[in-house]
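Chemist: Quick check, what structure comes out for this input:
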Amino acid sequence: MKIFKYFIQFTIVLSLFITFRIIGLRNASFMGSSLAKIFGPLLRSKRIIEKNLKICFKKIDQKEIKKISLGMWDNIGRTFSEYVFLNNFQKKNNYLIRLHGTEYLDEIKNSNKPVVFVSGHFANFELMAMKLNSYGIRLAAMYRPLNNIFLNPIMEYLRLKYVCPIMIKKGRSNIRELLNNIKSGYSVIIIADQRTSEGKKIEFFNYPALTTTIPAQISLKYNYKVVPLYIERLSDSNFEVTIYKPIEFKKSGNHEKDTYYLTLEINKQIEKMILKKPEHWLWLHNRWKILKYVGSTLELNLSEKSH
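Modeler: Residues are numbered from 1 along each chain as shown. Coordinates of the predicted model:
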C-alpha cells in the first residue's frame, strides 16, 4: 500500500516538475505558491503548525497563525518549484542570490581551517550549501533522504549535481563518512533545527526539544568554529544569504557540559533567525514532539521517547 502511495506521489511530482520546466522559473514559482496555499492547509499538519506557533509566540491569535501558515505554504510551494531550476541559481554572478558576510568566508579560505556551518529550514535552504560551494568553500553537506523510494533518487541527483558534490546522509551509520571528510579538511554544513531521536533534550524557545549535538561535538573535538548562516527569500525567487560571525564559546573542560551549552547557543542563534521572518520557517515539522497540550498547558508527552 505504501509503495503504491509513493508511486502516485512520484507521478504527481514528476508531472509538476515537467510543467515547471516548460513554463519557466517565474511562472513556476507562482504556480507552486498557488498550489501549496490551496492544498497545504488541507493536510493533517495544521494541528502541529498551530502547536509550534503557540510555543514560540505565547500571545499569538488565530489571525496571525493563519497569516504565518499561509506564508509558510507560499514559501514551500516556491521552493518545490525551484528544484528544477537549480542550475539557474548555480550560475556564476547570477542576480538571484546575494551574499553577505563574505569577510568570514574569506577568513575561512585564507586560514585553510574548516568550520561547522549551522542553519535551519529557511526559505530555499538548499541554496546555502550551493552558495558556499560556489564561493570556493570545500564543503560536505548532511541531508535526510526522502522516505519516497521513487522520488529520493531524483532529489539526490539534483543535490549532488547542483547543491554540493559531497552529500552525507544523516544518522549514526554515516558518522564515519562525515569524520573522514572532516579529517580531509572539509567544512560541514548541518541543518540543525529539526527533532532527532538521537538528540538530547535542550531548550528551544524556552521548551525542551530533542536536538542534534553533532555540530557541537565536531566543534569541540576538532576545534572547529561554529558559523551560523541564514537565507532569506526577498521576493519570488530572489534570495539573500548571510554568513554570521562565528559563535564565541569558551570550553570548560567538561565535555558533556560544553556539548550542552554550545548546542544551546546554536539553538538560540536559530531562534533569532526564525524570528526574522517566521513565515519562511518549516512550522509543519513536529519539533516539540516530546511536549503535548493538556488543555492550555504544555506537558511532557510520556508516550514519546526522550533523552
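
Chemist: Gly136 reaches Lys109, doesn't it?
Modeler: Yes. Between Gly136 and Lys109 there is a contact under Cβ atoms under 8 Å: 6.0 Å. Glycine gets a C-beta too; all of them are placed from N, C-alpha and C.

Chemist: So for these two, which residue has more residues nearby?
Modeler: Counting neighbours by other Cβ atoms under 10 Å for Gly136 and for Lys109 shows that Lys109 has the greater number, 14 against 11.

Chemist: Tell me which residues touch that one, please.
Modeler: Residues in contact with Lys109, defined by Cβ atoms under 8 Å, 6 or more residues apart in numbering, are 136-137.

Chemist: Report the rounded mean pLDDT for the helix or strand where it lies.
Modeler: Per DSSP states H and E: Lys109 is located in helix 102-111. Across helix 102-111, pLDDT averages out at 95.

Chemist: List the buried residues in it.
Modeler: By 16 or more other Cβ atoms under 10 Å, the buried positions in helix 102-111 come out as 104-105, 108.

Chemist: do stretch 275-287 as well
Modeler: Buried residues in stretch 275-287 (16+ other Cβ under 10 Å): 277-287.

Chemist: and the two most separated of the residues you listed?
Modeler: Spatially, the most separated pair among these is Lys277 and Asn286, at 21.3 Å (Cβ to Cβ).

Chemist: And the helices in the protein?
Modeler: 2-23, 25-39, 46-56, 62-82, 86-90, 102-111, 126-134, 152-158, 175-183, 214-222, 255-276 (DSSP state H).

Chemist: Between the two ends of stretch 230-246, how far is it?
Modeler: 13 Å (Cα to Cα, to the nearest Å).

Chemist: How far away from the center of its chain is it?
Modeler: Here stretch 230-246 is found 13 Å from its chain centre; the criterion is Cα atoms, centre = their mean, to the nearest Å.

Chemist: what's the answer for stretch 184-204, then?
Modeler: 10 Å.

Chemist: can you pull the buried residues of it?
Modeler: Using 16+ other Cβ under 10 Å as the test for burial, stretch 184-204 gives 186-196, 199-200, 202, 204.

Chemist: do the same with stretch 77-92
Modeler: Quick answer for stretch 77-92 (16+ other Cβ under 10 Å): 77-86, 89-90.

Chemist: Ok, stretch 137-156 next?
Modeler: 137-143, 148, 150-151, 154-155.

Chemist: residues in contact with stretch 139-153?
Modeler: 3, 6-7, 9-10, 13, 117, 129, 132-133, 155-156, 159, 163-164, 166-170, 178, 181-182, 186-191, 214.

Chemist: quick one on the thing from earlier: filter the buried residues of stretch 184-204 down to the ones in strands?
Modeler: Counting by DSSP state E, the part of those found in strands is 187-191, 200, 202, 204.
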